[in-house]
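*Asks:* 3D model of this:
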Amino acid sequence: MIQRLIKKRLEAALNPAAPRKVVCLLGLRQVGKTTLLREVESGLTGRREFLNGDFTDDRALLVPERAALQRLVGHLDYLFIDEAQNIPEIGRVLKLLHDEFPRLRVAASGSAGFDLRQKTGEPLTGRQVVLELFPVSLAELEPRATTLRQWLEHGLIFGGYPEVVMSDSPDQKRALLRQLAADYLLKDLFAQVDVNRDRLHDLLRLLAFQIGSEVSLNELASATRMDVKTVDRYLGLLESAFVIVRLGGFSRNLRKEVAKSRKIYFTDPGIRNALLDAFQPPALRNDLGALWENYLVIERRKRLAYQGTAANHWFWRTYDQQEIDLVEENPDGTRLSAFEFKWNPAKKTRLPKLFLETYPHAESGVITPENAREWLME
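*Replies:* Numbers count the residues shown, from 1 in each chain. Have a look, this model is predicted:
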């Protein structure tokens, strides 16, 4: 079994000695949220209940009524609510559980962040801790030096869904990813929001072709026969459902810097490849640079999130095409770093002189398969 790094933070948030908050565990469908909640629950000694919002009878128990909640949790120390986005008025329910039952510790999971955050945001202001569970990270695989390259290549092609990682057969990995991309990936989005499924799938395929490149809303709208506002709305939904990540352009108002563009990456490269049915090994890819960039951006976000380290991320480009793959800054602005990503370390890479002169205190580096372990794990 893969040991998930976020488990310690989840356990710490539920510890009776910690400040009492509702713990919201969010992430893509089928990345292991239920398994993780069950693991944490099994290690507790207090009285507890585990409910699932997919079940009608469990949903019927979770209503914003004092008497009903008293019957459900009055004797409990812990309540776990899986698939919480399917429960009507979940925000009010969680608020009442927090405010009216001071002994109770609550953890809720959701795979449709656009919906669960909307329903819990205002009611739980100051009352929640939000943790995100990603597909399996490189650090969770604990690769040795002899297997590091193997796992890097696996991540580029097959991603990090737990079931995919645990499967030994490449054919089975491909089949699982095709099924995820076709049937499960957008299940919650389709259930909660009115969208055109065919157009949304068309948009996803277009995005899969453009990872690591700046995307144009106008071009996406034209290609999918939608208006720009609808495309922008769909991108927001995909990001809130943890399918994609958007990066903006970094700028401190230097006239040459591009600030309004966006790059898009997939939270799981395997899903991206499944959308294109492209599972060729790295040596046969013509998109290897873009795949490596996507992989590193997401893996870096995993590392920082699991450490509880906040950081803002951008790309950097000027109008005369000087560019940097990733710019990272801590929230208080006291540390700025710039990184270029190269799969082939034989090609020497230097960061643009203009960036280094404009931001002389910025740290910088080139990330290759040879030093990726240090950047992503240590």
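*Asks:* What residues does residue 69 make contact with?
*Replies:* Residues near residue 69 by C-beta atoms under 8 Å, 6 or more residues apart in numbering: 63, 93, 96, 97, 100, 101. (C-beta placed from N, C-alpha, C; glycine too.)
*Asks:* can you count the residues close to residue 167?
*Replies:* By other C-beta atoms under 10 Å, 16 other residues sit near residue 167.
*Asks:* Which per-residue confidence value corresponds to it?
*Replies:* pLDDT recorded at residue 167 is 95.
*Asks:* Work out for me the element the spatially closest residue to it that is not a sequence neighbour sits within.
*Replies:* Spatial nearest neighbour of residue 167, chain neighbours left out: residue 173 (5.2 Å); criterion: C-beta to C-beta, 6 or more residues apart in numbering. Element membership for residue 173 (DSSP states H and E) is helix 170-179.
*Asks:* In that helix, which residues are buried?
*Replies:* 173, 174, 176, 177, 178 (16 or more other C-beta atoms under 10 Å).
*Asks:* From the residues you listed, pick the one nearest residue 263.
*Replies:* Relative to residue 263, the closest of those is residue 177; by C-beta to C-beta it sits at 22.8 Å.
*Asks:* Restricting to C-alpha, output stretch 307-316 in CSV.
*Replies:* The C-alpha trace of stretch 307-316 is given here as CSV (Å, rounded to 0.1, in the frame of the first residue of the first chain):
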residue,chain,number,x,y,z
GLN,A,307,4.7,20.1,3.4
GLY,A,308,2.2,22.8,4.2
THR,A,309,4.4,25.4,2.4
ALA,A,310,2.5,28.2,0.6
ALA,A,311,3.9,29.5,-2.7
ASN,A,312,2.7,31.4,-5.8
HIS,A,313,3.5,30.1,-9.2
TRP,A,314,3.8,31.8,-12.6
PHE,A,315,5.6,31.4,-15.9
TRP,A,316,7.6,34.3,-17.3
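*Asks:* List the buried residues of it.
*Replies:* Using 16+ other C-beta under 10 Å as the test for burial, stretch 307-316 gives 311, 313, 314, 315, 316.
*Asks:* Just to be sure, the last one is in a strand?
*Replies:* Yes - membership of residue 316 in a strand is supported by DSSP: H, G, I helix; E, B strand; the rest coil.
*Asks:* so it touches residue 328, yeah?
*Replies:* No - counting by C-beta atoms under 8 Å, residue 316 does not reach residue 328; the two are 10.9 Å apart.
*Asks:* Need the residues touching each of these two.
*Replies:* Taking C-beta under 8 Å, 6+ apart as the contact rule, residue 316 and residue 328 both touch residue 338.
*Asks:* farthest residue from the center of the chain?
*Replies:* residue 67 (37.3 Å; C-alpha atoms, centre = their mean).
*Asks:* ok so that residue is a strand residue?
*Replies:* No - assigned with three-state DSSP, residue 67 falls outside any strand and is helix.
*Asks:* State the distance from it to residue 100.
*Replies:* In this view, residue 67 and residue 100 are 11 Å apart by C-beta to C-beta, to the nearest Å.
*Asks:* can you check residue 93 too?
*Replies:* 11 Å.
*Asks:* Mind checking which of the two has more residues around it?
*Replies:* Neighbours were counted for residue 93 and for residue 100 using other C-beta under 10 Å; residue 93 has more, 25 against 13.
*Asks:* wait, isn't that one in contact with residue 62?
*Replies:* Yes - in this structure residue 93 lies within contact range of residue 62 using C-beta under 8 Å: 5.1 Å.
*Asks:* Mutual contacts of the two, please.
*Replies:* Between them, residue 93 and residue 62 share these contacting residues under C-beta under 8 Å, 6+ apart: residue 87.
*Asks:* residues near residue 33, how many?
*Replies:* What residue 33 shows, counting by other C-beta under 10 Å, is a neighbour count of 23.
*Asks:* For it, what are phi and psi?
*Replies:* Here is the backbone geometry of residue 33 (degrees, to the nearest 10): phi -70, psi -40.
*Asks:* mind listing the helices for the stretch 101-250 of the chain?
*Replies:* Under the criterion DSSP state H, counting those that start in this stretch, the stretch 101-250 of the chain contains helices at 113-120, 138-141, 148-158, 162-166, 170-179, 187-192, 197-209, 217-224, 228-240.
*Asks:* Quickly, which of those helices bottoms out on average pLDDT?
*Replies:* When the helices of the stretch 101-250 of the chain are compared by mean pLDDT, helix 113-120 comes last with a mean of 52.
*Asks:* doesn't residue 320 fall inside a strand?
*Replies:* No - the assignment for residue 320, made by three-state DSSP, is coil rather than a strand.
*Asks:* ok, the closest residue to residue 162 other than its chain neighbours - how many residues close by?
*Replies:* Excluding its sequence neighbours, the residue lying closest to residue 162 (C-beta to C-beta, 6+ apart) is residue 32, at 4.8 Å. If you count neighbours by other C-beta under 10 Å, residue 32 ends up with 22.
*Asks:* Can you give me the domain assignment for this structure?
*Replies:* Following automatic domain parsing, one finds the domains of the chain at 7-132, 144-377.
*Asks:* so which of the ones you listed gets nearest residue 138?
*Replies:* Among the domains of the chain, domain 144-377 comes nearest to residue 138, with 5.2 Å by C-beta to C-beta.
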